[in-house]
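Engineer: based on what follows, work out the 3D shape:
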Amino acid sequence: MVDKLPAPARIRVLPSWLLGRAAAHGRGLVRGALAGDGMPMLHHLVLIAVQEYGPVAQAELARTVAIDPKDMVAILNTLQADGLVTRTPDPRDRRKNAITTTDAGEQRLARQEPLVDAAMDELLAPLDPAERAGFLALLTRVVAAGEPTVS
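Structural biologist: So this is what the prediction gives:
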């Protein structure tokens with residue numbers, strides 16, 4: 001007896017279904033790689049965003065990475081307790097916190113980068129280098145077409 005039937009054949013050929021399955025597989029690989037370093041994937045996402053956009057207001061950071069502000073507080077509490085980010089009053093608006101990565105946060109991201117790269121290599125292992133480049137170019141176009149235009 002089969003534990004679970006496969007998705008219907010008509011569904012298995014839909015690009016949206018295939019993209020979703022590939023995305024889920026990729027997230028699982030990244031989640032596993034980061035777990036080996038003791039960091040949840042959302043914490044890694046927030047730390048990367050702080051590195052790229054920091055110093056950044058906490059509320060703006062939550063909007064940028066689409067994380068509920070209450071969840072963002074919990075994530076930042078953990079990152080701060082681990083010495084990976086700092087919160088200081090925002091010089092532009094002292095009612096807000098500005099979040100910045102620490103040297104330890106930068107080092108942690110540098111240590112995690114090859115782990116994430118290895119996970120992505122595993123995800124794309126069925127493709128040769130030329131296919132990978134073509135796939136990423138096509139996928140980038142598909143994603144860009146679905147993004148809202150900024151005016």
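
Engineer: ok, which stretches of this protein are strands?
Structural biologist: Counting by DSSP state E, the chain has strands at residues 56-57, 85-90, 93-101.

Engineer: contact partners for the residue positioned nearest the centre of the chain?
Structural biologist: Taking Cα atoms, centre = their mean, the centroid of the chain lies closest to Leu45, which sits 4.2 Å from it. The contact partners of Leu45, taken as Cβ atoms under 8 Å, 6 or more residues apart in numbering, are Val65. (C-beta placed from N, C-alpha, C; glycine too.)

Engineer: look at it and report its pLDDT.
Structural biologist: pLDDT recorded at Leu45 is 96.

Engineer: and if you look at Pro8?
Structural biologist: The model reports Pro8 with a pLDDT of 89.

Engineer: can you check Ser151 too?
Structural biologist: 58.

Engineer: ok, now Leu5?
Structural biologist: What the model reports as pLDDT for Leu5 is 85.

Engineer: give me the number of residues near Ile67?
Structural biologist: 19 (other Cβ atoms under 10 Å).

Engineer: where does the chain dip in pLDDT?
Structural biologist: For the chain, the stretches with pLDDT under 70 are 1-2, 150-151.

Engineer: where do the helices sit along it?
Structural biologist: Secondary structure of the chain (DSSP state H): helices at 9-12, 15-35, 41-53, 58-64, 69-81, 103-123, 129-146.

Engineer: which one of the strands of the chain lies nearest to Gly26?
Structural biologist: strand 93-101 (24.4 Å; Cβ to Cβ).
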